[in-house]
Structure formats: structure tokens, C-alpha cells
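Colleague: sequence first, then the predicted structure:
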Amino acid sequence: MIREKSFYRAFFALAMSLTLQNLLTFGVNLMDTVMLGRYSQDAMSGVSLCNQVQFLLQMLVTGAGEGVVVLGAQYWGKGDLKPIPHIIGVALRFGGGLAAALFALVLAAPERVLRLLSNEEAVIAQGVQYFRIICFTYIIFTVTNILAASLRSVGIVKIGYVTAFSTLCINVSLNYLLIYGRWGFPELGVRGAAIATLISRCVELLIVVWFLKRREKRLCLTMKKLLFTDKSYLRDYNRVSAPVLVNQTLWGVAQMVQTGILGHLGGDVTAANAIAVQVYQVLSVAAYGAASASGIVVGRTVGGGRREELRPLVSTLQAVFILIGLVSGGAILLLRRPILAVFGAALTAGARELALRFMGIIALTTVGTAYQMACDNGIIRGGGDTAFSARMNLISMWGIVVPLSAAAAFWWAWPPAAVFFLLKWDQLYKIIPVALRLHSWKWVRTVTRPGGAAGSEEEIL
């Protein structure tokens with residue numbers, strides 16, 4: 001274990017910054033769920049289905065941005081920042097193309113996409129109204145998040161939660177006005193929520209662009225640098241990002257399939273799942289923040305050539321992940337009833353009871369998530385091994401979770417809570433392969449090109 005207090009101060013400062021950013025980002029979707037849940041259960045359920053496509057986009061954007069984070073952190077550890085703008089330019093092209101394809105699909109066939117996720121006509125009708133507006137945020141969201149990931153790779157994290165906080169404030173204010181029709185504004189329901197999100201995403205992008213133009217001095221990004229990139233870095237980027245993108249795509253599609261399984265079990269199940277998922281995302285942000293921070297710290301350590309520091313670093317991070325998992329799981333368990341009280345009388349008794357059970361299951365699996373997800377996406381991926389996660393999740397999700405869950409739901413007619421557990425139990429058993437991979441040390445790989453000078457110890461922390 002690392003004993004120097006300076007490490008813990010630096011690591012937790014970075015982790016808390018990323019946690020705050022995640023909290024504010026997930027808070028936007030949570031407030032949509034709460035405010036629409038008080039308006040109409042069907043409206044909340046319809047938007048939750050649309051958010052599964054948003055989640056898929058988020059996974060694709062993460063895959064496109066992760067190449068920047070992994071390569072950027074290792075180049076930063078070497079003290080060589082010149083290749084990073086070229087890598088960012090490649091990522092923007094790649095991520096923008098994926099977002100444009102998803103936008104075209106949703107705009108052309110919103111109802112067909114939603115029918116894959118539910119058979120409730122009232123829920124689908126609400127979702128179609130939301131889809132026709134929210135799809136215009138996809139490209140904006142992609143550009144903003146890849147630029148934020150590029151800044152995060154070199155330790156600039158404050159702009160991330162500044163933009164997320166702005167988005168949350170604007171989104172909640174406009175939701176209040178446009179969903180319910182307050183202060184003379186029209187009552188637009190789900191369309192009001194979509195308009196609010198579209199406006200807040202535009203403001204978010206403008207803030208990031210302003211920061212890059214006026215305040216950012218480390219990378220000195222310009223439009224010319226992003227448009228005219230050195231194509232020789234394309235191979236480096238693809239080598240790192242392709243496995244991550246495959247993994248994120250499989251994971252995003254699997255989450256849509258899971259939502260589809262639950263969505264075909266009834267409207268109450270769809271509503272309960274929407275609440276449980278949003279609560280999990282908000283109350284597990286510390287685990288994701290610690291994972292992102294560990295990826296940056298491990299990447300810079302490997303890139304700087306100080307591999308003798310990895311063993312105490314990895315031992316320390318594992319203990320931190322377990323502690324965070326226990327605290328996060330306990331918080332979900334203790335807060336589930338007060339959270340449901342926020343939704344008022346809009347929920348049916350059946351949806352309320354199922355939401356309680358679903359959140360109880362998530363409280364248990366969150367402990368496993370905090371350890372194995374952070375070790376996998378943080379330590380192992382930050383160390384240069386981006387392919388392990390794709391292989392593991394391909395086998396786990398499509399060989400075990402989805403087939404068993406579908407069989408339990410449609411063939412064996414198990415109760416919804418049992419089906420929900422089968423959809424989430426991979427967060428527990430994946431602890432075993434992740435721990436084995438972690439302690440094999442085969443994940444330590446240098447993915448940068450030779451050259452550059454190692455960063456100082458102060459920079460590394």
C-alpha cells in the first residue's frame with residue numbers, strides 16, 4: 001500500500017472532480033426521470049426507452065474518446081504533448097461519424113426502434129415525441145464529450161463539471177417551464193423535456209469551445225490542428241480504440257436488449273427499471289470517478305517508465321474501489337424509499353414495489369461493479385490493455401446474461417425481480433476474471449511511440 005499522504009490528496013482530488021462531473025451529467029437524466037415521473041408514468045417510461053439509445057451513443061462516444069485518454073495520458077507521462085491534437089482530430093472524425101449514423105436511424109424510424117424495446121402503445125407514443133427532438137443533440141453531445149475527454153487526458157478536469165453543472169441548471173429550469181407549462185409557457189410534456197435538453201447541450205458545447213479558445217494553454221487546440229491531422233496516428237488510435245469501441249458497442253446494445261426484455265414484461269416493469277437505473281447511475285458516480293482517475297494515474301505511470309511503482313499503486317487502488325463499492329451500495333439501500341417518495345402519486349403501486357426490489361438488487365451488485373469495473377476500465381485499460389474487456393464482456397453478456405435472462409422472462413416465466421437479477425449478476429461474477437487478469441500483470445503495455453521526456457513526479461500525481 002502507498003503510505004504517502006500526497007498521493008491520496010492528489011488522487012482523491014482528481015477522482016472527486018471526475019465524480020462531480022459524472023454526478024452532474026447523470027443528474028440531467030435523473031431530473032428528467034423525476035420531473036416526467038411526476039407528470040405521467042407513461043411519459044417517464046417512454047423517455048427511459050429513448051435514453052437507452054442515448055446510453056448506446058454514450059458508450060460509442062466513450063469508446064471513441066478512450067483512445068485519446070489512454071494515448072494522451074501516456075504521452076503526457078512522457079512529457080510529449082505534440083501528438084495529442086492529431087489523436088483528438090481522429091477521434092472527432094470517428095465519433096462524429098458514429099453519432100451521425102445513429103441520428104439518421106432515429107430520425108428516420110423512431111417508432112420501429114422503440115418497438116424493439118416495448119410493446120406498450122402509450123409508452124411508445126410518448127417516446128416517439130421525445131425521439132424526434134432529442135436526436136438533434138447526438139452530434140453536439142459527441143463533439144463536447146470527446147473534447148472534454150481530450151482535456152481530461154492531460155489533467156484538465158474542472159471544465160468538465162463546469163459544463164455539466166451549467167447543463168443541469170439550464171435543463172432543470174427549462175424542464176419546469178416546458179413540461180408543466182409554468183409562467184405562461186406551453187405545457188409540452190415529453191417534447192418540453194427534449195427541447196430543454198437540446199438547448200442545454202448547445203450551451204454545453206459553446207462553453208467547451210470558449211474554454212479551448214480563450215483559457216486552455218496546454219494543448220493549444222485550434223480548428224486547423226483538428227482538421228489537418230497527421231494520418232500516421234490513425235493506426236495508433238485504431239489499435240487502442242478499436243477494442244474499446246467494440247466493447248462499448250456490445251455493452252450499449254446489450255443494455256438496450258436488457259431494456260427490451262424488461263419492457264415486454266409490462267408498463268410497471270418498464271417504469272421500475274427506469275427509476276432503478278437512474279438511481280444507480282447517480283449513486284455509483286464515485287466508482288466511475290475513481291475508475292477514470294486510476295486510468296489516468298496508471299497511464300502516466302506506465303508512459304513515464306516507472307513500472308516499479310505499479311504494484312503498491314494497484315494494491316492501494318483495489319482497496320479504494322472496495323470501500324467505494326460498500327459505501328455506494330449502502331447508500332442505494334438506505335435511500336431507495338425516500339427516493340420513491342419524490343415521485344408522488346404518479347407511480348402505480350406495482351411499479352413502486354418493483355422499483356424497491358430492483359434497487360435492492362442493484363445495492364448488492366454495485367459492490368461488485370465498483371471493484372471489477374474500476375479495475376478493468378481504470379487500471380487494466382489505463383495500463384494499455386484495451387482488448388481484455390471486450391473479450392470478457394462478449395462472453396459474459398452475450399453468452400451468459402442475455403440468453404439466461406431472455407429464457408427466464410419468456411420461457412420460464414420467472415417474476416420480474418428474478419429476471420432483473422439475472423440481468424445484473426454479471427457485476428458479481430466478473431470479479432473473478434478481472435482479478436486474475438489484474439494479478440497476471442500482462443496488461444502493462446506502452447502504447448505510445450518512442451521519444452519525449454518523462455513528466456515530473458508532481459505532474460504524475
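Modeller: Ah, there it is.
Colleague: so where's the stretch 301-450 of the chain shaky on pLDDT?
Modeller: 344-346, 446-450 (pLDDT under 70).
Colleague: pop out the phi and psi values for residue 425.
Modeller: When quoted as degrees, to the nearest 10, the phi and psi of residue 425 stand at phi -70, psi -10.
Colleague: again, but for the one 4 residues further on
Modeller: Residue 429 has phi and psi values of phi -80, psi -20 when expressed as degrees, to the nearest 10.
Colleague: so how far is residue 320 from it?
Modeller: Taking C-beta to C-beta, to the nearest Å as the measure, residue 429 and residue 320 are separated by 22 Å. Every residue, glycine included, has its C-beta placed from N, CA and C.
Colleague: okay, those two: which has more neighbours?
Modeller: residue 320 (22 against 13; other C-beta atoms under 10 Å).
Colleague: surely that one is in contact with residue 289?
Modeller: No - look at residue 320 against residue 289 with C-beta atoms under 8 Å: they stay out of range, at 11.0 Å.
Colleague: can you tell me the closest non-neighbouring residue to residue 256?
Modeller: residue 52 (4.7 Å; C-beta to C-beta, 6 or more residues apart in numbering).
Colleague: packing partners of the helix or strand hosting residue 363?
Modeller: In this assignment (DSSP states H and E), residue 363 forms part of helix 349-374. On a contact count with 3 or more C-beta pairs under 8 Å, 6 or more residues apart in numbering; DSSP states H and E, helix 349-374 meets helix 267-283, helix 285-303, helix 310-342, helix 416-424, helix 426-429, helix 431-440.
Colleague: contacting residues around the shortest one?
Modeller: Yep, that's helix 426-429 we're talking about. 364, 365, 366, 368, 369, 372, 373, 396, 397, 400, 401 (C-beta atoms under 8 Å, 6 or more residues apart in numbering).
Colleague: let me know the outermost residue of this protein.
Modeller: For the chain, the C-alpha farthest from the mean C-alpha position belongs to residue 184; by C-alpha atoms, centre = their mean, that distance is 36.0 Å.
Colleague: need the pLDDT of that residue.
Modeller: pLDDT for residue 184: 83.
Colleague: can you tell me how far it is from residue 169?
Modeller: In terms of C-beta to C-beta, residue 184 sits 21 Å off from residue 169.
Colleague: residue 24 too?
Modeller: Look at residue 24 and residue 169: by C-beta to C-beta, they are 9 Å apart.
Colleague: more crowded one of these two?
Modeller: For residue 24 versus residue 169, neighbours defined as other C-beta under 10 Å are more numerous around residue 24 (21 against 14).
Colleague: which residue, other than its chain neighbours, is closest to the more buried one?
Modeller: Spatial nearest neighbour of residue 24, excluding adjacent residues (C-beta to C-beta, 6+ apart): residue 164 at 3.4 Å.
Colleague: now that neighbour: phi and psi?
Modeller: According to degrees, to the nearest 10, residue 164 has phi -60, psi -40.
Colleague: so it sits right up against residue 19, yeah?
Modeller: No - Residue 164 is not in contact with residue 19 according to C-beta under 8 Å; the separation is 11.2 Å.
Colleague: ok, back up a step: the helix holding residue 363: which residues count as buried?
Modeller: Neighbour-count burial for helix 349-374 flags 351-352, 354-374 (criterion: 16 or more other C-beta atoms under 10 Å).
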